[in-house]
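for reference, the sequence and a predicted model appear below.
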Amino acid sequence: MSSYSFSHQFYQRWTCAPEPIRASIIQELTDITTLLKAETPFETFVFSTHDLDAHLDDLYENHEAEQAIAKAIADKQAAEQLIFEQQRLEEEQKIKAAEEIKRQEEAHLTKESRLKEQALEEKNKHKEAENTQIEAEKETLFADDKNHLEAAIKLKTADADETEIDDKVDTIINDESDNEKHIVSSKTISEHANATDDDSIKNDSTINAINNKASLAISLAVKDAKLSVTHKDLIHELEMQIDDYLSDQMMLMSENLKSWLRAEMTQHLSEQDKTLSNGNPPKN
């Protein structure tokens, strides 16, 4: 029969004991109660557990083994859970790092794009300023060249007009002298006209030769010169202005010469008719 020792921590120890141990102790107490009954034969009575202490030691060993196994399983699960949490945290950190890298790359690309746009805008502004300055210089150069050309044309035209006026005055003086002497005749007029035509032809040939030489020199100069498109446009504009100006001047000169010719010839022929009607034929 087993012996028991009770202490003040019985309740705590009893409630903390495993269920199989408590069941074995209760069974031992039940057997003792049965043995103490009067009707129970002492000689033939057998306890349910032959050696309670050994049985309790086995039960404690089994309980401890189960606890160790449970603890091992719990530790393994905890370790696995820890590993899982670590992996989850690492994955989250990787995702956050990738997102941060992507955000930084996007910010860098945005910054580069903004800087490129600013550089392009600055370049366009600088180019526009240069084009404006070039246009202003071009207009200034065009205005200066135009003023110089107009001044040169006016100077040459003034010289040509003075020469024309002097020629007209000399012609008028010579005509008046011829009228006073009454030596103008049809033959003289014809010969004078023929001589004038010959001189005109010679002068025209001379002028054409000079113009050809000048044109050749100008063509060579223009051929050798390397001009920009702006300068070529300027020269073309000036040439058109010269053509317009000379066309107007030549038309005006032609009208003046025709008017002068009509007046002179009318006067000359009228005086010749008067001379013939007075009976004084022209002298040959």
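Cool, got the structure.

contacts and neighbour counts: CA atoms only from here.
Will do.

quick one: buried residues of stretch 267-283?
268, 272 (16 or more other CA atoms under 10 Å).

lowest-pLDDT helix or strand in the protein?
helix 186-224 (a mean of 50; mean pLDDT, DSSP states H and E).

low-confidence regions, the stretch 151-284 of the chain specifically.
Residues of the stretch 151-284 of the chain that meet the criterion pLDDT under 70 lie in 152-154, 156-226, 279-284.

quick one: contacts of the helix or strand hosting L29?
Counting by DSSP states H and E, the element that carries L29 is helix 19-35. Helix 19-35 is contacted from outside by 14, 40-42, 45, 47-49, 52, 56, 59-60, using CA atoms under 8 Å, 6 or more residues apart in numbering.

now a PyMOL select for only the buried ones of these.
Buried residues among these (16+ other CA under 10 Å), as a PyMOL selection:
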select buried, resi 47+49+52+56+59+60
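
pick out the most distant pair among the contacts of helix 19-35.
Pairwise distances across those (CA to CA) peak at 32.6 Å, for the pair P41 and Y60.

one step back: elements contacting the next helix or strand after the least confident helix or strand of the chain?
Later in the chain than helix 186-224, the nearest helix or strand by DSSP H and E is helix 229-277. Applying 3 or more CA pairs under 8 Å, 6 or more residues apart in numbering; DSSP states H and E, we find helix 229-277 packed against helix 52-181.

could you check the angle the helix it packs on makes with helix 229-277?
Interaxial angle, helix 52-181 versus helix 229-277 (axes from the mean of the first three to the mean of the last three CA atoms, to 10 degrees): 20 degrees.

what's helix 52-181 packed up against?
Looks like helix 52-181 contacts helix 19-35, helix 229-277 (3+ CA pairs under 8 Å, 6+ apart).

most tightly surrounded among those helices?
Ranked by mean neighbour count, the helices and strands packed on helix 52-181 are led by helix 19-35 with a mean of 15 (mean count of other CA atoms under 10 Å).

any idea of the angle that helix forms with helix 52-181?
Using the same axes, to 10 degrees: helix 19-35 against helix 52-181 is 160 degrees.

CA atoms only: put helix 19-35 into PDB for me.
The C-alpha coordinates for helix 19-35 follow below in PDB (Å, rounded to 0.1, in the frame of the first residue of the first chain):
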ATOM      1  CA  GLU A  19      -5.100  14.300 -15.300                       C
ATOM      2  CA  PRO A  20      -3.800  10.700 -15.500                       C
ATOM      3  CA  ILE A  21      -1.900  11.100 -12.200                       C
ATOM      4  CA  ARG A  22      -4.900  12.500 -10.400                       C
ATOM      5  CA  ALA A  23      -7.000   9.600 -11.900                       C
ATOM      6  CA  SER A  24      -4.500   7.100 -10.600                       C
ATOM      7  CA  ILE A  25      -4.400   8.600  -7.100                       C
ATOM      8  CA  ILE A  26      -8.200   8.700  -7.000                       C
ATOM      9  CA  GLN A  27      -8.300   5.000  -8.100                       C
ATOM     10  CA  GLU A  28      -5.800   4.200  -5.300                       C
ATOM     11  CA  LEU A  29      -8.000   6.000  -2.800                       C
ATOM     12  CA  THR A  30     -11.100   4.200  -4.100                       C
ATOM     13  CA  ASP A  31      -9.400   0.800  -3.700                       C
ATOM     14  CA  ILE A  32      -8.400   1.700  -0.100                       C
ATOM     15  CA  THR A  33     -12.000   2.700   0.600                       C
ATOM     16  CA  THR A  34     -13.200  -0.600  -0.800                       C
ATOM     17  CA  LEU A  35     -10.700  -2.500   1.300                       C
END
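
could you point out which of the helices and strands packed on helix 52-181 sits nearest A136?
helix 229-277 (12.2 Å).

and E43, backbone torsions?
Here is the backbone geometry of E43 (degrees, to the nearest 10): phi -70, psi -30.

for P18, same thing?
Torsion angles, degrees, to the nearest 10, at P18: phi -70, psi 150.
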